[in-house]
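Undergrad: Quick one, what's the 3D model for this:
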Amino acid sequence: MKNVSLCIDIAFCAIVLPAMAIIFPVERWFHYFPWYVTTVGIWLYALYFANRLITVPMLFKHGKKRAGALALMVISFGITYYLSQITLYDPKPSVFDTGITRVLPNIQQYQQAVWSLFMIVEVFSFAVGLLTQANLQKSRRRAVEAERDRAEIELYKAQIKPHFMFNTLNSLYGLFLTHDDKALESLEKFISMMRYIHTASLRDHVPLSDEADYISRYVELQSLRLNGMTAVTLDIDIRDNALPVPPMLLVTFVENCFKHGVSPIEKSDINISLKEKDGYLRFSTSNRIFPVIRIGEHMGIENCRRRLRLLYPDRHSLEIKDNGIRYDVKLNINLQP
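TA: Below you'll find the model as predicted:
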């Protein structure tokens with residue numbers, strides 16, 4: 001927008017204002033009264049930039065600054081009125097002279113010229129100034145909204161950490177209580193995953209392959225605590241490993257499968273699919289539902305919904321079906337910028 005404003009300023013000063021001045025006999029006036037034409041010209045250019053850079057921006061302020069802008073407008077009218085009231089004299093002698101230089105007969109024409117050019121400058125400078133300020137305000141609003149969205153996303157990412165840690169530590173606690181041989185292996189996987197969480201949380205995006213590896217390790221870790229009653233299927237097919245995705249976006253749905261889809265006494269199944277082709281991500285989960293009452297159990301899913309709306313407002317579809325027996329999630333994202 002700065003470059004556009006600069007081009008408009010140059011066009012007005014070099015083309016528009018001189019072209020409008022040609023309508024009037026400026027050349028003849030300059031021949032007889034160069035000081036006057038020069039003064040008016042300098043005043044008109046100064047008025048243009050004063051309105052553009054000072055008066056109009058002050059109108060967008062509050063209190064004294066807005067009053068100051070109105071005062072500047074009154075002063076500009078006063079200066080223009082003063083310039084228009086200066087009486088011009090024809091320095092050339094005439095046979096009709098009585099020893100006193102005569103007043104220029106066409107005195108109203110240059111007054112009209114001063115006021116006409118003044119109004120042109122006023123209208124044009126205010127139009128450009130208002131357009132510039134409107135775009136600045138829009139840019140600032142976008143910046144504020146982007147910062148708010150960024151802060152909101154960071155909050156959701158921060159909420160994922162304790163949520164994941166508490167669930168995983170609970171699983172590890174159970175393994176250690178039973179002196180399970182898998183406890184040490186689970187602890188190593190957990191440490192590796194926590195390292196990834198710490199690294200990924202500092203970034204806005206991570207390679208899709210890294211997120212897929214994290215999900216695989218998570219599924220492996222959770223599968224270690226299962227007693228054979230739950231069949232887990234994980235299908236990952238990624239064509240572009242370097243495709244950027246927000247970290248920890250999908251794991252909440254996977255975590256939800258193990259939270260609600262596992263029973264120590266009944267057979268169940270958990271199916272997870274993560275596929276990418278031509279920049280389109282297709283992710284799905286499906287599991288049986290066993291009643292589990294936990295505080296804030298819907299918080300993770302709602303956080304994912306909000307993150308998706310913020311990150312991919314028109315480039316994703318999320319479908320969740322819950323019939324009381326099975327819980328199915330289908331998520332499609334266009335990852336292409």
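
Undergrad: what helix or strand is L331 on?
TA: Per DSSP states H and E, L331 falls inside strand 326-334.

Undergrad: typed the wrong thing, it's I270
TA: strand 268-277.

Undergrad: That strand vs strand 326-334, what angle?
TA: Put simply, strand 268-277 runs at 10 degrees to strand 326-334, going by axes from the mean of the first three to the mean of the last three CA atoms, to 10 degrees.

Undergrad: outside of strand 268-277, which residues touch it?
TA: Contact with strand 268-277 is made by 208, 212, 215, 219, 229-240, 243, 250, 254, 257-258, 261-262, 281-288, 290, 335, as judged by CB atoms under 8 Å, 6 or more residues apart in numbering. C-beta: built from backbone N, CA, C; applies to glycine.

Undergrad: Can you give the contact residues for the helix or strand just after that strand?
TA: Next along the chain after strand 268-277, taking DSSP H and E as the criterion, comes strand 280-288. Outside strand 280-288, the residues that touch it by CB under 8 Å, 6+ apart are 208, 243, 245, 250, 253-254, 256-257, 260-261, 263, 268-276, 325-336.

Undergrad: and what of stretch 239-248?
TA: Counting by CB under 8 Å, 6+ apart, 153, 157, 160, 164, 197, 200-201, 203-209, 211, 214, 276-279, 281, 307, 311, 333, 335 sit against stretch 239-248.

Undergrad: And that stretch, end to end?
TA: 20 Å (CA to CA, to the nearest Å).

Undergrad: Buried residues, that stretch. List them.
TA: 240, 243, 245-248 (16 or more other CB atoms under 10 Å).

Undergrad: could you give the mean pLDDT of whatever helix or strand L70 lives in?
TA: When secondary structure is defined by DSSP H and E, L70 falls within helix 64-84. The average pLDDT within helix 64-84 is 84.

Undergrad: ok, now stretch 129-139?
TA: Rounded mean pLDDT across stretch 129-139 is 81.

Undergrad: Just the strands from the chain, written as ranges.
TA: For the chain, strands defined by DSSP state E occupy the ranges 206-207, 230-238, 244-245, 268-277, 280-288, 316-322, 326-334.

Undergrad: Tell me how far the last one lies from the chain's centre.
TA: For strand 326-334, the distance from its own C-alpha centre to the chain's C-alpha centre is 28 Å (CA atoms, centre = their mean, to the nearest Å).

Undergrad: now, which of the buried residues of stretch 239-248 sits nearest P57?
TA: P246 (38.0 Å; CB to CB).

Undergrad: gap between the closest one and Y214?
TA: Distance from P246 to Y214, counting by CB to CB, to the nearest Å: 12 Å.

Undergrad: rewinding a little: give the PyMOL command for selecting the buried subset of the contacts of strand 268-277.
TA: Buried residues within those, by 16+ other CB under 10 Å, are selected in PyMOL with:
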select buried, resi 208+212+215+219+230+232+234+236+238+240+243+250+254+257+258+261+262+281+283+284+285+286+287+288+335
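
Undergrad: which residues touch the closest residue in space to L53 that isn't next to it in sequence?
TA: Using CB to CB, 6 or more residues apart in numbering and skipping the chain neighbours, the partner closest in space to L53 is G129 (7.9 Å). G129 sits next to 51-53, 55-57 when contact means CB under 8 Å, 6+ apart.

Undergrad: So G129 versus A50, what's the distance?
TA: For G129 relative to A50 (CB to CB), the value is 10 Å.

Undergrad: what's the answer for T39, then?
TA: 16 Å.

Undergrad: Tell me which of these two has more neighbours.
TA: A50 (17 against 13; other CB atoms under 10 Å).

Undergrad: so what pLDDT did that one get?
TA: On the pLDDT scale, A50 gets 88.

Undergrad: same deal with R294?
TA: 52.

Undergrad: try C7
TA: Per-residue pLDDT puts C7 at 77.

Undergrad: Correct me if wrong: L83 contacts T39.
TA: Yes - assessed by CB atoms under 8 Å, L83 is found in contact with T39 at 7.0 Å.

Undergrad: circling back: tell me the one among the buried residues of stretch 239-248 nearest to G300.
TA: After measuring the buried residues of stretch 239-248 against G300 - CB to CB - the closest member comes out as M248, at 10.3 Å.

Undergrad: now the closest one: how far from I191?
TA: The value you get for M248 to I191, if CB to CB is used, is 17 Å.

Undergrad: do D314 as well
TA: D314 is 39 Å from I191, by CB to CB.
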